[in-house]
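Visitor: From the sequence below, what's the structure:
(chains A and B)
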Amino acid sequence: MTHLPIETLVALRESGVEPGTAAAREHLDGCPHCRAELERLHQRVARFKALPALRSGRDRWPAVRDRVRAERRRLRARYAGFAGLAAAASVAAVVGLGSLRQEASPLSPVEIEQAMTRSRDLETALDRIDPESRVLDGRTAGIAQELEDRIARVDQQLEMAEMMEQQARDTRVLRLWRERVGLLDALVDVHVTRASKVGL
Amino acid sequence: MDSYLLSDAESVVARARQGDETALEALYRAFEVPVYNLARRICRTTEDAEDVLQETFFEVCRSIGRYREEGSLWGWIRTIAASKALMRLRRNKYRDTDELQDELVGNPKEETHLRMDLEAALERLPEVSRAVVWLHDVEGYTHDEIAGMMGKTPSFSKSQLARAHARLRRWLGEEVAT
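Guide: Down below sits the predicted model:
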């Protein structure tokens, strides 16, 4: 008697009906050898599933977290650059397309551009302070870190807002950019206050 | 499996979407073991598996906003992990599935008496065969899904699985006497 090849036995475990499956099942009914092979196959798979989980010897979260933070910094820098471009574009818009302004949506893009420009100015101010090179006391560092995290979250939401529909997006983007400006303002304050306190 | 690994998955995901670092870490802690296990079963070395673990969670952190909750959270993370692991295999220019056949098959009569344990037999399979066995038999992916992830045809996946089981049967001394 010719027994079922391994390909057929493996295929018999699938839920779909493949060509030849009915004939193979018929053979299986009358062949104890093939039934035993199929049973072994099932057992082997069950043993695979029962293998103990392997665990990493190292904690990779710090490396993941550091990359996520670096990515957020990169995004922030990108938005800062974007704000510069937007500011330039707004000047062109005011000069060249002034007459079309009356048709703009109730939420004028100028408001968004103003918030972006303010955000860029604050980023520049922050760069001048160069907070990375300064040592902060624990409490101040905690506040600065919290503000940095919230700015990063706003940046992430700005990125997601790009997928929204125009009208909803404008409203959301304006709110986020204003929130970003507020947070950056606070962050600059934290560093300036700290710097003046110690006479830097 | 989500609720088993992460009891408050919905709220953790919502916070993770807002960029909350503690929520992102909670996701990592909840799923690091199954992700590493999957990666290690597919990759040849622990270093590769650890890199896949890191790559997977970096992608999870970046893309959590795009997770639509249509399937399970673990299913979503697992697909990212499987793709990263398979990408790692491709990058390492895995040995061709037939390359090792002569080396591994050796003398079938002798092999019958080797009776390796399951871990050793699995480890001994060529990378691609092992990946197909693990993804299909343990993780429950279909041949179509595996083919999609590997950039191959479903027939390729099916034949890899059959050949892998033929080898495993022999190495484990499980051939039924006729």
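
Visitor: can you pull the contacts of the residue nearest in space to the middle of chain A?
Guide: Most central in chain A under C-alpha atoms, centre = their mean is A:Gln156, positioned 6.7 Å from the mean C-alpha point. For A:Gln156, the contact set (C-beta atoms under 8 Å, 6 or more residues apart in numbering or on different chains) comprises A:Arg72, A:Leu75, B:Gln18, B:Gly19, B:Gly65. Where you see a C-beta, it was placed from the backbone N, CA and C, and this is true even at glycine.

Visitor: I'd assumed A:Gln157 was in contact with the first one.
Guide: No. Assessed by C-beta atoms under 8 Å, A:Arg72 is found out of contact with A:Gln157, at 11.9 Å.

Visitor: Need the overlap of contacts for these two.
Guide: Counting by C-beta under 8 Å, 6+ apart, the contacts common to A:Arg72 and A:Gln157 are B:Gly19.

Visitor: And for B:Tyr36, nearest residue in space, chain neighbours not counted?
Guide: Once flanking residues are discounted, B:Tyr36 sits nearest to A:Ser56: 4.4 Å by C-beta to C-beta, 6 or more residues apart in numbering or on different chains.

Visitor: and the one you found, what is it in contact with?
Guide: Counting by C-beta under 8 Å, 6+ apart, A:Ser56 makes contact with B:Glu32, B:Tyr36, B:Thr46, B:Ala49, B:Glu50, B:Leu53.

Visitor: Quick check: of the residues you listed, which has the highest neighbour count?
Guide: Neighbours here mean other C-beta atoms under 10 Å in any protein chain shown. Within the contacts of A:Ser56, the largest count is held by B:Leu53, at 30 neighbours.

Visitor: State the distance from it to B:Leu24.
Guide: As judged by C-beta to C-beta, to the nearest Å, B:Leu53 and B:Leu24 stand 14 Å apart.

Visitor: ok, now B:Ala81?
Guide: Distance of B:Ala81 to B:Leu24, given as C-beta to C-beta: 16 Å.

Visitor: same question, B:Arg90
Guide: Where B:Leu24 is concerned, B:Arg90 sits at a distance of 28 Å (C-beta to C-beta).

Visitor: Compare those two (neighbour count), which wins?
Guide: B:Leu24 (22 against 12).

Visitor: residue contacts, the more buried one?
Guide: Each residue near B:Leu24 by C-beta under 8 Å, 6+ apart is listed here: A:Arg65, A:Val68, B:Ala16, B:Val60, B:Cys61, B:Ile64.

Visitor: Could you do B:Glu21 as well?
Guide: B:Glu21 sits in contact with A:Arg65, A:Val68, A:Asp149, where contact means C-beta under 8 Å, 6+ apart.

Visitor: circling back: reformat the contacts of B:Leu24 as JSON lines; add secondary structure.
Guide: Output for the contacts of B:Leu24, formatted as JSON lines (DSSP: H, G, I helix; E, B strand; the rest coil):
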{"residue": "A:Arg65", "secondary structure": "helix"}
{"residue": "A:Val68", "secondary structure": "helix"}
{"residue": "B:Ala16", "secondary structure": "helix"}
{"residue": "B:Val60", "secondary structure": "helix"}
{"residue": "B:Cys61", "secondary structure": "helix"}
{"residue": "B:Ile64", "secondary structure": "helix"}
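
Visitor: quick one: which of these is nearest to A:Leu122?
Guide: Of all the contacts of B:Leu24, A:Leu122 sits closest to A:Val68, with 23.1 Å by C-beta to C-beta.

Visitor: Now that closest one. Nearest residue, chain neighbours left out?
Guide: B:Cys61 (4.7 Å).

Visitor: where does that neighbour land on pLDDT?
Guide: Confidence at B:Cys61, expressed as pLDDT, is 94.

Visitor: try A:Arg69
Guide: On the pLDDT scale, A:Arg69 is placed at 88.

Visitor: That one sits in which helix or strand?
Guide: Here A:Arg69, judged by DSSP states H and E, is contained in helix A:61-96.

Visitor: I'd like the next helix or strand past that helix.
Guide: That would be, after helix A:61-96 and using DSSP H and E, helix A:109-129.

Visitor: which of the residues in that following helix are buried?
Guide: By 16 or more other C-beta atoms under 10 Å in any protein chain shown, the buried positions in helix A:109-129 come out as A:109, A:112-123, A:126, A:129.

Visitor: and it, what does it pack onto?
Guide: Counting contacts by 3 or more C-beta pairs under 8 Å, 6 or more residues apart in numbering or on different chains; DSSP states H and E, helix A:109-129 packs against helix A:61-96, helix A:166-197.

Visitor: after that helix, next one along is what?
Guide: Using DSSP H and E, the first helix or strand after helix A:109-129 is helix A:138-161.

Visitor: what secondary structure does B:Ala166 sit in?
Guide: Three-state assignment for B:Ala166 (three-state DSSP): helix.

Visitor: Also A:Leu54?
Guide: Assignment for A:Leu54 (three-state DSSP): coil.

Visitor: returning to what we had before: quick one: which of the buried residues of helix A:109-129 is nearest A:Leu28?
Guide: Taking C-beta to C-beta as the measure, A:Leu28 sits nearest to A:Ile112 out of these, at 69.0 Å.

Visitor: can you count the residues close to the nearest residue to that closest one once chain neighbours are set aside?
Guide: Nearest residue to A:Ile112 in three dimensions, chain neighbours excluded: A:Leu174, at 5.0 Å (C-beta to C-beta, 6+ apart). By other C-beta under 10 Å, the residues close to A:Leu174 number 20.

Visitor: Tell me how far A:Leu174 lies from chain B.
Guide: Counting by C-beta to the nearest C-beta, to the nearest Å, the gap from A:Leu174 to chain B is 19 Å.

Visitor: A:Ile6 now?
Guide: Note on A:Ile6: its distance to chain B, by C-beta to the nearest C-beta, is 5 Å.
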